[in-house]
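# Fold the stuff below for me.
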Amino acid sequence: MARATKARATKTSGRTAVSVTASDPESVSKLWRYGDAWERYPIRAGETWRAGTGLVAAHDLRYPLPDFLKTADCLFIDPPWNIGNLKTFYTKAANPDYPADFLHFADQLFARVREIAPRSCYIEIGNQHVTEFRMRLYDAGYGYIHGWPVTYYGKHPCWLLKGARTPHTGRDFEGVDEARCIELIAQEEEYSVIGDLCMGRGLVGYHAYRAGRQFVGSELNPRRLAVLLAQVAQAGGTVERVSRDSSSGNQTS
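Below you'll find the predicted structure:
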């Protein structure tokens, strides 16, 4: 069953401006190329692409959000779970400019959540920081924090948290694998646009597309994001570059 709590507010550490290096998909190790999707759909840092019913960008959360991401009224985010996981994501993206402090990354992530201010925000997180993330959801303005123990890849225990302004009355996710959770939320949750700030290979977007619903998202690693573009194209969706946003600082030539 859902474990709903009213969390106590807590102070988070201060934010400082950083200079960010864009990911380079052409210099990625062969171990982390995720097939040839990027060669077919070569999205680059700072670009926005249409993928069926959605818009996505290769984007580092340390930069200001593209405006289209602010249209989301529901979020599902599977961020890195700890500093080791965070560094691995930057390494796989061939980006050496990874954050040195996990809680500072969490500051930036939740600043983006507050900026979007969706009605509901789901976050998948490991046991190490689940209490911290519960409190941060409360700080972001959600009076009801629901939590379910779920699994990742069917065997790794983790948590699915939901921040909402009203009690959860929907499905019980306890014991469900995270991929199935995403599918069910994309199909059943009340929203106009679902967003994901750490898209990875795009399960949130793919399931929203399959459900005929709108989505938006961003992902640090262009090669991982290209997997979503390829899957949507294979399923019959239109995939095309919409814009290059040189103002974001995320542009590569």
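
# What ranges in this structure fall below the confidence cut-off?
Counting by pLDDT under 70, the ranges of the chain that qualify are 1-23, 245-253.

# which residue ranges form the strands in it?
For the chain, the strands defined by DSSP state E cover 3-5, 47-51, 54-58, 74-77, 120-125, 144-152, 156-164, 193-196, 214-219, 239-244.

# Okay, buried residues for the second one please.
Using 16 or more other CB atoms under 10 Å as the test for burial, strand 47-51 gives 47, 48, 49, 50, 51. Every residue, glycine included, has its C-beta placed from N, CA and C.

# Tell me how far the residue nearest to the first one when sequence neighbours are not counted lies from residue 44.
Excluding its sequence neighbours, the residue lying closest to residue 47 (CB to CB, 6 or more residues apart in numbering) is residue 244, at 5.3 Å. When CB to CB, to the nearest Å is the yardstick, residue 244 and residue 44 sit 8 Å from each other.

# Look at the two and report which has more neighbours.
residue 44 (20 against 15; other CB atoms under 10 Å).

# unless I'm mixing things up, that one is touching residue 25, no?
Yes - with contact defined as CB atoms under 8 Å, residue 44 reaches residue 25; the gap is 7.0 Å.

# what about the helices in the chain?
Taking DSSP state H as the test, the helices found in the chain are 37-40, 83-92, 102-116, 130-139, 178-188, 203-210, 222-234.

# distance between the fourth one and the chain's centre?
This means helix 130-139. Distance, stretch centre to chain centre, for helix 130-139: 17 Å (CA atoms, centre = their mean, to the nearest Å).

# can you state the direction angle for that helix and strand 144-152?
Interaxial angle of helix 130-139 relative to strand 144-152 (axes from the mean of the first three to the mean of the last three CA atoms, to 10 degrees): 140 degrees.

# Just the buried residues of helix 130-139, please?
Applying 16+ other CB under 10 Å to helix 130-139 flags 130, 133, 134, 135, 136, 137, 138, 139 as buried.

# Distance of the first one relative to residue 85?
To tie it back to what came earlier, the one meant is residue 130. To residue 85, residue 130 is 14 Å away according to CB to CB.

# now the fourth one
Residue 135 is 20 Å from residue 85, where distance means CB to CB.

# what residues do residue 44 and residue 25 have in common as contacts?
Here residue 44 and residue 25 share the contacting residues residue 222, scored by CB atoms under 8 Å, 6 or more residues apart in numbering.
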